[in-house]
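[1] Sequence and predicted structure, then a few things I'm wondering about:
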Amino acid sequence: MKLDAQLGVHDLALVPAEARRMERLGFDALWTFETNHDPFLPLASAAMATERLQVGTNIAVAFARTPFAMAMVAWDLQRASGGRFLLGLGTQVRMHVERRFSAPWGRPAARVKEAIQCIRAIWETWQNGGKPDFQGEFYQFRLTTPFFDPGPIEHPRIPIYLAGVNPTLCRAAGEVADGFHVHPLHSVRYLREVVRPAIDEGAKTRGKSVADLELYAPVLVVTGRTPEETRAREQFVREQIAFYASTPNYRGVLDLHGWTALGEKLSQMVRAGEWDSLAAQVTDEMLDAFAVTAPPERLPGVLRQRYEGLLGRVSLYFPIPPSDPEPPWRGFVEGFRQAAA
């Protein structure tokens, strides 16, 4: 199992040093996310500043860019990194796609599958030549000239991860993706009973299984060196769980555990603007289901034990603060590796 990290700085001038730090600590990959900063720009700096560390997006919004634009930036990052780039895509939700990104929405699972197929068709043309002939329902790639062709690269096989929560997107990942980004709001039971079976169902359509895809999850963690730190982290995690659980798109996770009514209540509280009261609704049972709680010295082993056989890679949900001293985090990574024994 691989142990990854989230990029914790957004100033592009600071990215190279932070990437080198993550590589020095022993992490396997560094992920960016598309919230209030571009997810691709930092990865160019991170890739060129490191030698071993994989770099990837978790996630870039698929419908915010055309397949050709996505193919170009991924191709450049793969070339710059020497084959260490991971393209993680997500659909987002209708409100954000239409009203924030000004992009079309509709049948997101079918649309994102076709986007991935189109991206791969573009890469195939660049790598091996041939006439572009991809014609789908949503996207097409039927025109190119040498002027617009960046040419082949040394590592043309770029892994594509698809993010999702509900079975439809899990099946879609199984059908077309190389990996799957598990949402932070998940439980071990949801992974076993919903996510993995749905991915496996999709993978069988192309003669594969869920074991052929690499599943990754950022994990909510409650820990701390002092009781005060632990309480502060627990409050933060309860707030995150409540926020995610208030979103109707993620209701299936709650439904599995019998918490449908609580999800509906949280949605009502959000509509009423009762943000400060959300965290108090998260029970200890929910905290145990959606988060890992352990003191720092036991956290690496507990984290690995929880997900062994279910995921191929994990990270902590929160980025490591740049100001944190390195020795404890080096010990965390070493402890995770040793827990494999």
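    Structure's in. What do you need?

[2] Go through the chain and flag its longest helix.
    helix 108-128 (DSSP state H).

[3] Please work out the average pLDDT along it.
    For helix 108-128, mean pLDDT is 98.

[4] now swap in stretch 227-235 and tell me
    For stretch 227-235, mean pLDDT is 96.

[5] Any regions of this protein where pLDDT drops low?
    Within the chain, the stretches with pLDDT under 70 are 341.

[6] Helices along that one, start to end?
    Using DSSP H, the helices of the chain run over 15-25, 41-49, 67-81, 94-99, 108-128, 167-176, 188-190, 196-204, 227-245, 251-257, 260-271, 284-290, 299-307, 326-338.

[7] What's the separation between the closest residue to A5 other than its chain neighbours and R337?
    Among residues not flanking A5 along the chain, F27 sits closest, at 4.4 Å (CB to CB, 6 or more residues apart in numbering). C-beta: built from backbone N, CA, C; applies to glycine. Distance check for F27 against R337: by CB to CB, to the nearest Å, it reads 11 Å.

[8] and stretch 96-104, which residues are buried?
    Using 16 or more other CB atoms under 10 Å as the test for burial, stretch 96-104 gives V97, A103.

[9] Give me the distance between the two termini of it.
    For stretch 96-104, the first-to-last residue distance is 10 Å (CA to CA, to the nearest Å).

[10] residues making contact with that stretch?
    Stretch 96-104 has contacts (CB atoms under 8 Å, 6 or more residues apart in numbering) with V61, F63, A64, T91, Q92, W105.

[11] ok, the residue nearest to A5 - contacts?
    L3, D4, A5, L53, S315, V333.

[12] what's the residue nearest in space to the middle of the chain sitting at in phi/psi?
    Closest to where the C-alpha atoms of the chain average out (CA atoms, centre = their mean) is N58, at 3.4 Å. Backbone torsions for N58, taken as degrees, to the nearest 10, come to phi -140, psi 80.

[13] check contacts around it.
    Q6, W31, T32, F33, G88, Y161, A163, H181, Y216, P218.

[14] what's the neighbour count on the residue nearest to it when sequence neighbours are not counted?
    Once flanking residues are discounted, N58 sits nearest to W31: 4.1 Å by CB to CB, 6+ apart. Look at W31: counted by other CB atoms under 10 Å, it has 26 neighbours.

[15] now W31: how far from E228?
    29 Å.

[16] what do you get for R238?
    16 Å.

[17] Looking at these two, which has the bigger crowd around it?
    R238 (23 against 9).

[18] pretty sure that one contacts S277?
    No. Under the criterion of CB atoms under 8 Å, R238 makes no contact with S277, lying 11.4 Å away.

[19] Neighbours of the residue lying closest to Q140 once chain neighbours are set aside, how many?
    Among residues not flanking Q140 along the chain, F134 sits closest, at 6.1 Å (CB to CB, 6+ apart). The local packing of F134 (other CB under 10 Å) involves 18 other residues.

[20] Check whether F134 really touches W123, as I assumed.
    No. Here F134 lies out of contact with W123, judged by CB under 8 Å, at a distance of 11.0 Å.

[21] coming back round to it: could you tell me which residues touch both of F27 and R337?
    Here F27 and R337 share the contacting residues L3, scored by CB under 8 Å, 6+ apart.

[22] Return the distance of stretch 276-290 from the chain's centre.
    23 Å (CA atoms, centre = their mean, to the nearest Å).

[23] List the contacts of that stretch.
    185-189, 220, 222, 234-235, 237-239, 241-243, 245-246, 257, 259, 262, 265-266, 269-270, 293.
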